[in-house]
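Peer 1: okay, sequence plus prediction incoming.
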Amino acid sequence: MVSRRSFLWGSGAVALAPLLGGCQARPGALQVRALNQSIPPQVIREFRQAIAQDAIALQPEATLADLLALLQRWQTETEPVSDRWDWLPFVNRGTPAIAELVTLGDAWLATAIRAGLIQPLDLTTVPSWAQLPPRWQGLVRRDREGFVSQDSAAPLWGAPYRWGTTMIVYHHDVFKHQGLAPPTDWADLWRPELRDRISAIDQPREIIGLTLKKLGASYNTWNLTPLLPSLAAELNSLAPQIRYYSNNKYLHPLAIKETWLAVGWSTDIIPALTNYPQLRAIIPTSGTALWSDLWVQPATATPTALSQRWLDFCWQMRSAQNISLFTDGLSPILSTLPLDQWPKDLQNASPFIPNAELFNRSEFLQPLPISTQLQYDTLWRKLRSPSPSST
C-alpha cells in the first residue's frame, strides 16, 4: 500500500497541477487552503465532475503552521488581495484572499477558538455528518474556551477528514544483530540496552503523555499532582534514553543507525518504511495518541452552500477510500466498517491500523487547564535539562 501511495502521488503530480490554485477558478468557486498531500487529486477531480469543472480552487500549503499563520493574518489584516499575480516577481503579494475552508490540526483547535481565528460550522445540515463516528463528533464539539464539551448544543468547530497515530519505529537489522526483542509497548523505551539510542518528536504532550500511559493513566490527565512523584521518576529515567529531539528530523539518525528506535507520527513513519525496508513500526499495545486533520472556517469567511457540499463529499465512502489509500492518513468514515470491508490495500496495512480494542485505548490530545500546563512545563524543562542533542 505504501508503495502504491508513493507511486500515485509521484505520477500524479502533473495531473494535479491543473486542479490547484485560485487563478483558474471562476468567481464564486469554493476557495480551500489544504495541507499539502492531505487531499488526493482523485477527490478534487470527482468533486468537480459532480458539481462543476471550476467549482473548487484548492491551494496546498506546506505545513499546518503555515495554515495557522494564514488564519492569524486574515484576522488582523482586513484587506486581503487576490492570489492572481503571485507568480510575478517583485509584486507585493499582500495577504492572500480569504479561503472558505482551511486545514487545521486538532491539537491547534483550542488555540484557534480562543484567539477568535475560526467560526463554528453548521454541520448538522450536512447529510454525512450523522455517519461520522461519535469519537470524531465529540472531538470538535467545544465550548468557547476550546475545551471538549458534552453539551450537545455546544458549537462544532471543525470537520475531521483524516486521522493517524503516534507510533514506535525501530531498526529491525540492529535489533536482530543485537539479539533484542522487538518493542511492543511504551515501557520498552526504558529498556537499558536502548540508553542514548532513541530519537523522538520534540513534543511535551506526546512524551509526558506516553509516560502517563506507561503508568496506566490518561494522556489527558488534568490533575498531575497525585502522580507527580512516580511521573517525575519515570521521566528522570527516560531522559538518558533519548539522544535526539526533533519534529522533522527524528527519523534520520534512525536510518543511519545512530539511534535504534524512534517515536513519531504515522504520516512520517509509514512513508519511510518504503524507503527504508529495514525499519519496522508498531502501535503500542497500551494505546497511543491520535491526531486528526480538520476543515475549519476562518472567522472572516462567509459560509456558502458549496462549502457544505465539499464537507459532505469528503465524507462519502468513495472519497473516504481515496483519502485513506492515497494519503498517509485514514478517513474516519472507514471506522464505521469492519476491516474486511476496507479496500484490500488498506487491509494489507492492518498492522498500522488500530483494531477496535486498541483504538479505544488510544486518545486524542485534548486541551488542558493552565495549572496542568504549568506542571507539564516544569516536567519538560527537567527532562530536557541538561538537554540531549537536538536537531
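Peer 2: Okay, I see it.

Peer 1: next helix or strand past the helix or strand harbouring residue 67?
Peer 2: Under the criterion of DSSP states H and E, residue 67 resides in helix 64-76. Of the helices and strands lying after helix 64-76 in sequence (DSSP H and E), the nearest is strand 101-105.

Peer 1: what's the longest helix belonging to the chain in contact with?
Peer 2: The longest helix of the chain (DSSP state H) is helix 370-384. The contact list for helix 370-384 (CB atoms under 8 Å, 6 or more residues apart in numbering) reads 204-205, 207-208, 221-225, 228, 231-232, 235-236, 238-239, 245, 368. Placement of C-beta: from N, CA and C, glycine included.

Peer 1: run the last query once more with 7 Å
Peer 2: By CB atoms under 7 Å, 6 or more residues apart in numbering, the residues outside helix 370-384 that reach it are 204, 208, 222, 224, 231-232, 235, 239.

Peer 1: which pair of those spans the longest distance?
Peer 2: 222 and 239 (24.6 Å; CB to CB).

Peer 1: those two: which has the busier surroundings?
Peer 2: A count of neighbours by other CB atoms under 10 Å puts residue 239 above the other of residue 222 and residue 239, at 14 against 11.

Peer 1: show the pLDDT at the more buried one.
Peer 2: Note on residue 239: pLDDT of 96.

Peer 1: can you tell me how far it is from residue 199?
Peer 2: 14 Å (CB to CB, to the nearest Å).

Peer 1: go on, residue 322?
Peer 2: For residue 322 relative to residue 199 (CB to CB), the value is 33 Å.

Peer 1: of those two, who's got more company?
Peer 2: Comparing residue 322 with residue 199 by other CB under 10 Å, the one with more neighbours is residue 199, at 26 against 23.

Peer 1: which stretch of helix or strand covers that one?
Peer 2: Assigned by DSSP H and E, residue 199 falls in strand 198-200.

Peer 1: what sits up against the strand or helix carrying residue 175?
Peer 2: Here residue 175 sits within helix 172-178, counting by DSSP H and E. With contact meaning CB under 7 Å, 6+ apart, helix 172-178 is reached by 182, 193, 257, 260, 278-280.

Peer 1: dump those to JSON lines, plus distance to residue 346 and secondary structure.
Peer 2: Shown next, in JSON lines, are the contacts of helix 172-178 (distance: CB to CB, whole Å; DSSP: H, G, I helix; E, B strand; the rest coil):
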{"residue": "182", "distance to residue 346": "23", "secondary structure": "coil"}
{"residue": "193", "distance to residue 346": "35", "secondary structure": "helix"}
{"residue": "257", "distance to residue 346": "31", "secondary structure": "coil"}
{"residue": "260", "distance to residue 346": "29", "secondary structure": "coil"}
{"residue": "278", "distance to residue 346": "24", "secondary structure": "coil"}
{"residue": "279", "distance to residue 346": "20", "secondary structure": "strand"}
{"residue": "280", "distance to residue 346": "19", "secondary structure": "strand"}
